[in-house]
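1. A structural model of the following input is requested.
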Amino acid sequence: MTLSFSVLASGSSGNAFFIGTEKERILVDAGLTGKELQRLLEETGIDPASLTKILVTHEHSDHIKGLGVAARKFDLPIYANEKTWKAMENSIGKIPLDHKFVFQMEETKTFGDLDVQSFGVSHDAAEPMFYTFHHEGKKVALVTDTGYISERVKGIVEKADAYIFEANHDVSMLQMGSYPWNVKRRILGDLGHVSNEDSALALTDLIDNNTKRIYLAHLSRDNNMKDLARLAVGNILEERGFDLKKHIELHDTDPKMPTPLFQVV
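-> Residues are numbered from 1 along each chain as shown. I've put the predicted structure just below:
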């Protein structure tokens, strides 16, 4: 198996991501019920029993809802940083000590034939972090749940072959919508989520000739739409000279349907 991945679910109701190689089959986050996670994996052609570990980005329920159930059912070790472990321990049930591992922020770990680099993001969680995955010269970057994309993060995630990248909201929809003002302020703030336009502007600094696909992720159910996100991001990329017909493909993600397994070649 070459480097392959699927966005199993993405959105405010639940998030899970699969990435695999010949030797490793990793689940990142488990923000759905155990039953839903199993269904999504099987729909993608992945045997849940073949998973090797779970990595955690942060402790919000849409990222850890089914974490304990999945880890116990499939006998999987869990990796998270110390502050995230402390923040989520009461929510995930009993995990055997020999299945609890620390993966610190700004660290690179080698799992079999896959190198995984963690990096911190700006979000209202204990110590949120996301990952880049490296295998045989190929790179996949997972970047959601952040209020902005810092220059430091750009330096880590640039020049990836594929991005799973946050495009959470349309600013006008959010401002005109029914959310209380304090919630709107949180989403728009530095510890919230990236808008369609800010996502596109960040991507123009990141993508290069290696980049094949961008998956727009963590779309708000109430303040965004797939077509709107794709149009907003696509227009800005094309204005900056990127050819979305030949060079880069933009793809949707969904809170209930997995993306087809994609092989990075």
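
2. could you list the low-pLDDT ranges of the stretch 1-150 of the chain?
-> For the stretch 1-150 of the chain, the stretches with pLDDT under 70 are 1.

3. list the contacts of residue 204.
-> When contacts are counted by CB atoms under 8 Å, 6 or more residues apart in numbering, residue 204 touches 236, 237, 240, 242. Where you see a C-beta, it was placed from the backbone N, CA and C, and this is true even at glycine.

4. check those residues for burial and list the buried ones.
-> When the contacts of residue 204 are checked for burial by 16 or more other CB atoms under 10 Å, the buried set is 236, 237, 242.

5. and these, which of them are in helices?
-> Among the buried ones among the contacts of residue 204, the residues falling in helices (DSSP state H) are 236, 237.

6. next up, the contacts around residue 71.
-> Listed by CB under 8 Å, 6+ apart, the contact partners of residue 71 are 30, 54, 77, 78, 92, 95, 99.

7. try it again with 10 Å
-> Taking CB atoms under 10 Å, 6 or more residues apart in numbering, we find residue 71 in contact with 27, 30, 34, 51, 53-54, 77-78, 92-93, 95-96, 99-100.

8. narrow these to just the buried residues.
-> Among these, those classed as buried by neighbour count (16+ other CB under 10 Å) are 27, 30, 34, 51, 53, 54, 78, 92, 95.

9. mind checking which of those land in helices?
-> Members of those lying in helices (criterion: DSSP H): residue 34.

10. which one of the buried ones among the contacts of residue 71 is nearest to residue 174?
-> Distance to residue 174 across these (CB to CB) is lowest for residue 30, with 27.4 Å.

11. make TSV out of the buried ones among the contacts of residue 71 and add distance to residue 124.
-> Listed next are the buried ones among the contacts of residue 71 as TSV, based on distance: CB to CB, whole Å:
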residue	distance to residue 124
27	24
30	20
34	26
51	29
53	26
54	22
78	22
92	20
95	24
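
12. among the buried ones among the contacts of residue 71, which lie within strands?
-> Residues of these located in strands (DSSP state E): 27, 53, 54, 78.

13. for beta bridges, what are the partners of the third one?
-> For residue 54, the residues forming beta bridges with it (DSSP bridges) are residue 27, residue 78.

14. what's near enough to touch it?
-> Residue 54 touches 16, 26-30, 64, 66-67, 70-71, 74, 76-80, 99, 101, counting by CB under 10 Å, 6+ apart.

15. what's the end-to-end length of stretch 7-17?
-> By CA to CA, to the nearest Å, the extent of stretch 7-17 from end to end equals 5 Å.

16. ignore the last one, stretch 116-127
-> Stretch 116-127 has an end-to-end distance of 17 Å (CA to CA).

17. that stretch: which residues count as buried?
-> Quick answer for stretch 116-127 (16+ other CB under 10 Å): 116, 117, 118, 119, 120, 121, 122, 123, 125, 126, 127.

18. can I assume the first one sits in a strand?
-> Yes - under DSSP: H, G, I helix; E, B strand; the rest coil, residue 116 sits within a strand.

19. and it, what does it touch?
-> Contacts of residue 116 (CB under 10 Å, 6+ apart): 19, 24, 26, 28, 53, 55, 79, 103, 107-110, 131-135, 142.

20. cool, the second one as well?
-> Contact partners of residue 117, counting by CB under 10 Å, 6+ apart, are 106-109, 129-134, 139, 141, 156-157.

21. now with 7 Å?
-> Shown in contact with residue 117 (CB atoms under 7 Å, 6 or more residues apart in numbering): 108, 131, 132, 156.

22. let's see if you can find the most crowded of those.
-> Highest neighbour count within those: residue 131, with 24 neighbours (other CB atoms under 10 Å).

23. for residue 4, see how far away residue 265 is.
-> Residue 265 is 10 Å from residue 4, where distance means CB to CB, to the nearest Å.
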